[in-house]
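Sequence unavailable; structure follows:
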């Protein structure tokens, strides 16, 4: 059976919805499609205030995407200490940080050529 192709826009929308449902902060979408060396189409970056909230964000994203699109991440790592969790949906990679870890690594600056879209908090 062939795997169903998920539309990037639908996947992005559901990832953002999952983040917002548990009040994830500082959501940025980095569009990497025009960068030759990029390993995926988009990075979604957000942060939580504690390891508990980081794990809640990850769980909410997985639940929302699974329910709405019947998809799951290809790989997830970092849930043990929940300072930086990476969720790989192949075309979209989600980075969920604790705030101070995000500031330290500042991965947005590594992709300076990417178009960055900031999602305003709804709360």
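Looks like it arrived, so ask away. Everything numeric in this text was worked out from a predicted model, so none of it was measured.

low pLDDT regions in this protein?
Across the chain, the ranges flagged by pLDDT under 70 are 1-4, 123.

what's the residue closest to the geometric middle of it?
For the chain, the residue nearest the mean C-alpha position is residue 94 (2.3 Å; Cα atoms, centre = their mean).

Hmm, it is touching residue 12, no?
No: between residue 94 and residue 12 there is no contact under Cβ atoms under 8 Å: 9.8 Å. In short, each C-beta sits where N, CA and C put it, glycine included.

Give me the common contacts of these two.
residue 44 (Cβ atoms under 8 Å, 6 or more residues apart in numbering).

Relative to residue 98, how far out is residue 67?
Residue 67 is 26 Å from residue 98, where distance means Cβ to Cβ, to the nearest Å.

which stretch of helix or strand covers residue 109?
Assessed by DSSP states H and E, residue 109 sits inside helix 107-110.

partners of the helix or strand following that helix, with directions?
Next along the chain after helix 107-110, taking DSSP H and E as the criterion, comes strand 115-119. Sheet pairing of strand 115-119 (DSSP bridges) gives strand 25-31 (antiparallel).

The strand it pairs with: how far from the chain's middle?
Here strand 25-31 shows a centroid-to-chain-centroid distance of 8 Å under the convention Cα atoms, centre = their mean, to the nearest Å.

Run through who's touching that strand.
12, 16, 19-20, 41-49, 99, 102, 108, 111, 114-119, 121.

Please check the residues you listed and keep the buried ones.
Buried subset of the contacts of strand 25-31 (neighbour count, 16 or more other Cβ atoms under 10 Å): 12, 16, 19-20, 41-48, 102, 111, 114, 119.

Most widely separated two among these?
Using Cβ to Cβ, the buried ones among the contacts of strand 25-31 span at most 24.0 Å, a distance reached by 41 and 48.
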